[in-house]
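Student: Build the 3D model from these lines:
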Amino acid sequence: MKILHVLSTKKFSGAENVACQIIEMFKNDIDMAYCSPQGSIAQKLQENNITYFPLQKLNAKNLKKILKTYQPNVIHAHDIKAVIFAVMASKGKIPVIGHVHVNNDDMKKTTFKSCLFQIFAKKCKHIFWVSNSCLKEYKFYNKIKDKSSVLYNIVNVQNIQNSVSSHEKTYDIIYLGRLTKQKNPLRLLEIAKGLAKVKPNFKMAVVGDGDLRAEFEAKLKEYQLQNNVKMLGFVSNPYQILAQSKVMLMSSIYEGTPMCALEAISLGVPIVSTPTDGMKDIIRNDIGVLYQTNQEAVSALSHYIMLHKNEYKQVQDNINKFAEEYNNISTYKSKVLSEYTTFNK
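Tutor: Down below sits the predicted model:
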């Protein structure tokens, strides 16, 4: 059996991470390849020894050429644009499995995007959604629910833990993600400004890059937080930095089930996050805090930063237990394989 994973992006982020992990899970069982526009993702795929079919641009014409070359039994299309072009390119001859990774606002109401997806989703054999809210808040949920299921993201806890050599805390807080509108990074600085009044010497690592970086750095300077916040940019393997941070801060406007949150949990790092979509399914009182106001975020961060060593160890034990239960690779593989094989018996 051959599976072609199709994505519309050039860089390595959440959906790309999921696709790579699925390929890794099945590397000894199924022939899988990755197809996307040519970009920096190529380096990550090369590092992981993943077969890559780069495109100058993702469209039906270019994708048809790849299908003719690779001849997959199933196309696994990640997110809306990839689903549309996969269905167009396959022309019903190759089963398409869709995979929606983010609960975008424009999918919750009648928009060109939500209407177009409904048309092409009906031609998919199955659609995975990364959270219950992502599925049920889709405007045309009732029209596609019979071919949909929730597939929560997971990570390989053991692999992540094995990649870390030290857990000695260097940073009080870590932000790990793109500096884009969806992630709302400017709110981080509003929260950091409030935290500085309570804990003036706190240290925060910002791992990630994006189109809001210049604005973020300007606001950082305006708030005089340069001594508190360290900009580290994009880091291909951020696990060591994550392990050396006391708490993760998230400020997203919307999410699916973010991989960075699962990675933090795998390393025993509590999370303070906005109550978005998949985060509401992950965060419990003993492993993190969901906040509405900036002051609630400041209070939660202060709590974790100032915990006594023994108390912090108890929090980590709770998180580690949850991580092992949540990230069940066997169950995840079984769900994915069931959909792959349904159409190839």
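Student: Show me where the stretch 1-150 of the chain has its helices.
Tutor: 14-25, 41-47, 60-70, 80-90, 112-121, 132-136, 141-144 (DSSP state H, counting those that start in this stretch).
Student: Pick out the shakiest of those helices, pLDDT-wise.
Tutor: Note on these: helix 132-136 shows the lowest mean pLDDT, a mean of 90.
Student: Reformat the helices of the stretch 1-150 of the chain into a markdown table and put distance to E263 next to each item.
Tutor: Backbone N, C-alpha and C define where each C-beta goes, glycine included. Formatted as a markdown table, those follow (distance: least, C-beta to C-beta, whole Å):
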| stretch | distance to E263 |
| --- | --- |
| helix 14-25 | 9 |
| helix 41-47 | 15 |
| helix 60-70 | 30 |
| helix 80-90 | 24 |
| helix 112-121 | 29 |
| helix 132-136 | 20 |
| helix 141-144 | 29 |
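Student: Which of those sits closest to Q292?
Tutor: Taking C-beta to C-beta, helix 132-136 is the member of the helices of the stretch 1-150 of the chain nearest to Q292, at 16.7 Å.
Student: list the helices and strands the closest one packs on?
Tutor: strand 148-150 (3 or more C-beta pairs under 8 Å, 6 or more residues apart in numbering; DSSP states H and E).
Student: Any idea how far the strand it packs on is from the middle of the chain?
Tutor: Taking C-alpha atoms, centre = their mean, to the nearest Å, one finds strand 148-150 lying 17 Å from the centre of the chain it belongs to.
Student: quick thing: my sequence starts at 262, can you match it?
Tutor: Done: numbering now begins at 262, and the last item shifts to strand 409-411.
Student: Strand partners (parallel or antiparallel) of it?
Tutor: Here strand 409-411 has these sheet partners by DSSP bridges: strand 387-390 (parallel).
Student: List of residues touching the strand it pairs with?
Tutor: If you take C-beta atoms under 8 Å, 6 or more residues apart in numbering as the criterion, strand 387-390 is touched by 344, 358-361, 382, 396, 399, 405, 408-412, 517, 597, 600, 603.
Student: Show me which residues of that strand are buried.
Tutor: Neighbour-count burial for strand 387-390 flags 387-390 (criterion: 16 or more other C-beta atoms under 10 Å).
Student: ditto for stretch 514-530
Tutor: 515-530.
Student: ok, longest helix in this protein?
Tutor: helix 570-587 (DSSP state H).
Student: now for that helix, which elements pack on it?
Tutor: So helix 570-587, by 3+ C-beta pairs under 8 Å, 6+ apart, packs with helix 520-527.
Student: so what's K318 up against?
Tutor: With C-beta under 8 Å, 6+ apart, K318 has these contacts: P298.
Student: Could you rerun that using 10 Å?
Tutor: 269, 298-299, 324 (C-beta atoms under 10 Å, 6 or more residues apart in numbering).
Student: Same question for G353.
Tutor: By C-beta under 10 Å, 6+ apart, the neighbours of G353 are K384.
Student: what's the closest of the buried residues of strand 387-390 to K288?
Tutor: Nearest member of the buried residues of strand 387-390 to K288, counting by C-beta to C-beta, is F389, at 19.8 Å.
Student: What's the separation between the closest one and K406?
Tutor: Per C-beta to C-beta, to the nearest Å, F389 is found 13 Å from K406.
Student: hey, what's in contact with both of those two?
Tutor: With C-beta under 10 Å, 6+ apart as the test, F389 and K406 both reach L396.
Student: now the helices for the stretch 462-606 of the chain?
Tutor: 474-483, 500-504, 520-527, 540-543, 555-566, 570-587, 590-603.
Student: just checking, what packs against the fifth one?
Tutor: So the one you mean is helix 555-566. Identification of packing neighbours for helix 555-566 by 3 or more C-beta pairs under 10 Å, 6 or more residues apart in numbering; DSSP states H and E yields strand 432-437, helix 446-459, strand 506-510, strand 532-534, strand 549-551, helix 570-587.
Student: Keeping just the C-alphas, turn the helix or strand of the chain with the lowest mean pLDDT into PDB.
Tutor: Ranking every helix and strand in the chain by mean pLDDT, DSSP states H and E puts helix 540-543 at the bottom, with a mean of 86. Taking Å, rounded to 0.1, in the frame of the first residue of the first chain, the C-alpha atoms of helix 540-543 are listed here in PDB:
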ATOM      1  CA  MET A 540      -7.000  23.100  24.600                       C
ATOM      2  CA  LYS A 541     -10.300  22.600  26.500                       C
ATOM      3  CA  ASP A 542     -10.000  18.900  25.900                       C
ATOM      4  CA  ILE A 543      -6.400  18.800  27.200                       C
END
